[in-house]
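Novice: After the sequence you'll find the predicted model.
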Amino acid sequence: GAWLCNNQCRSPQKLNGSIQHSPEIKPPFAAVVARLGRDFTGEPLAMAAYGTDGRLDHVYSNLVLVSYAQSPDNPDLVTVRPIAELLNILPAPLGAPASPEDGYFFEVNSGRGYTIPLPFKEFLDRHGGFEIAGEPITGLAQINPRVSRQCFRNMCLDMDPSAPAHLQIRPAPLGVDYLKANLQSPKQPTAASQTFQQLTIQVWEAQEQVASNQEQEIWAS
């Protein structure tokens with residue numbers, strides 16, 4: 001990082017700040033992010049990478065998009081990973097139906113389910129509905145004196161009445177937690193349990209030739 005931005009990063013006025021460069025959003029994710037909106041997905045936190053199931057993941061602040069497309073130009077095969085379970089957000093007990101004034105009731109099993117506050121339902125309707133957020137897995141719960149949260153299979157929504165009107169309802173930054181969980185260093189195996197598997201490393205350059213005053217990028221995967 002110091003090499004990439006040279007002395008600009010190490011100058012005194014930069015020492016106490018942070019320089020962030022959002023990874024580029026490429027097909028097939030670009031069309032989906034444009035449809036949902038950056039305020040909903042959040043900013044990309046890392047370059048797209050293949051998950052353990054062989055699908056292409058792209059982690060954003062608020063959710064994780066996953067591509068099932070064989071071609072990078074097919075946004076129709078992009079969906080949202082159900083990361084709540086991966087982050088140990090467990091389903092809450094089902095409740096009885098509430099009155100329509102209290103919210104939208106989502107039935108899960110035998111007349112029982114979760115009540116979704118109407119502002120949450122309206123917010124989801126503007127951003128892909130349950131197809132994007134997934135089914136609710138909890139009711140509304142207070143997580144601190146100001147903020148209430150309800151979680152769905154793919155994301156959580158926060159409500160903060162003290163925030164400006166356009167920020168009172170916003171997705172919780174679960175993508176940050178998901179990225180941290182997946183960046184944790186695994187425990188080193190003992191000699192008795194150590195296994196070996198084939199590893200493929202690809203290295204390529206952004207440009208075949210560059211002049212002495214141009215920048216070059218080397219990629220490794």
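Specialist: Happy to help now that I have it. Numbers count the residues shown, from 1 in each chain.
Novice: what residue is smack in the middle of the chain?
Specialist: Nearest to the mean C-alpha position of the chain, by C-alpha atoms, centre = their mean, lies residue 63 at 2.4 Å.
Novice: Mean pLDDT per helix and strand in this structure: which one sits at the bottom?
Specialist: Least confident element among the helices and strands of the chain, by mean pLDDT, DSSP states H and E: helix 2-10 (a mean of 53).
Novice: immediately after that one, which helix or strand?
Specialist: Where DSSP states H and E defines the elements, the next helix or strand beyond helix 2-10 is helix 29-36.
Novice: For that following helix, buried residues please.
Specialist: Residues of helix 29-36 classed as buried by neighbour count (16 or more other C-beta atoms under 10 Å): 29, 32, 33, 36. For glycine as for every other residue, the C-beta is placed from the backbone atoms N, C-alpha and C.
Novice: all helices of this protein, in order?
Specialist: Using DSSP state H, the helices assigned to the chain run over residues 2-10, 29-36, 38-41, 83-86, 118-126, 130-133, 174-183.
Novice: and the residue nearest to residue 156 when sequence neighbours are not counted, what pLDDT?
Specialist: Counting by C-beta to C-beta, 6 or more residues apart in numbering, residue 156 lies nearest to residue 172, which is 3.9 Å off, once chain neighbours are set aside. Per-residue pLDDT puts residue 172 at 95.
Novice: Tell me the bridge partners for residue 60.
Specialist: Beta-bridge partners for residue 60, by DSSP bridges, are residue 44.
Novice: and the residue lying closest to residue 214 once chain neighbours are set aside, what is it in contact with?
Specialist: Spatially, and ignoring its direct neighbours in sequence, residue 214 is nearest to residue 207 (7.7 Å; C-beta to C-beta, 6+ apart). Residues counted as contacts of residue 207 (C-beta atoms under 8 Å, 6 or more residues apart in numbering) are 214, 216, 217.
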